[in-house]
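1. Below: sequence and its predicted model.
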Amino acid sequence: GLDDDRRRIFCNRSLNMASIGAVGFDMDYTLAQYKPETFEALAYRLTKEKLVSVFDYDTSILDLEFDCNYIIRGLTIDKVRGNILKLDRHKYVKMAYHGFQQLSREERQKYHSRWKMDAFDDPTPYVQ
């Protein structure tokens, strides 16, 4: 419990949260222990709710089920084509999906034939 100082988190200074717009989470277990499936399921549900309530997405997305085996860290979103990309350290597209449809090898190679090594220097059409 919180009576055990070894289980508590301390801060060396005060932080005025009034101007903080977002809070990130340290997801490598160094600050807190958590169950990834539970955390990801919560994030998934809250994201769907926000997409509907704030961004006017169709309410049918609320019926989408969370699949913890489908989530992969370090993905890049191609906002122009609507694809989800998994890149290696050399920016090679190892895996690509459009929704739940995996793109073929030929479709993935189209990225390489169009892009040079600095393809992600302009962050506008891509989000990581």
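-> That came in fine, so what should we check first?

2. which one's the longest helix in this structure?
-> Once the chain is assigned using DSSP state H, the helix that runs over the most residues is helix 36-53.

3. Which secondary structure elements does that one sit against?
-> If contacts are counted by 3 or more Cβ pairs under 8 Å, 6 or more residues apart in numbering; DSSP states H and E, helix 36-53 sits against no helix or strand. Bear in mind the C-beta positions are built from the backbone N, C-alpha and C, glycine included.

4. in that helix, what's buried?
-> By neighbour count on 16 or more other Cβ atoms under 10 Å, the buried set for helix 36-53 is 40-41, 44, 48.

5. Likewise for stretch 51-61?
-> Judged by neighbour count (16+ other Cβ under 10 Å), stretch 51-61 contains no buried residues.

6. So for residue 118, what pLDDT did the model give?
-> Residue 118 is assigned a pLDDT of 45 by the prediction.

7. So residue 76 is in contact with residue 88, correct?
-> No: checked against Cβ atoms under 8 Å, the pair residue 76 and residue 88 is beyond contact range at 11.3 Å.

8. and those two? which has more neighbours close in?
-> residue 76 (17 against 10; other Cβ atoms under 10 Å).

9. now the strands for the chain?
-> In the chain, the segments counted as strands under DSSP state E are 75-78, 83-87, 93-98, 101-102, 126-127.
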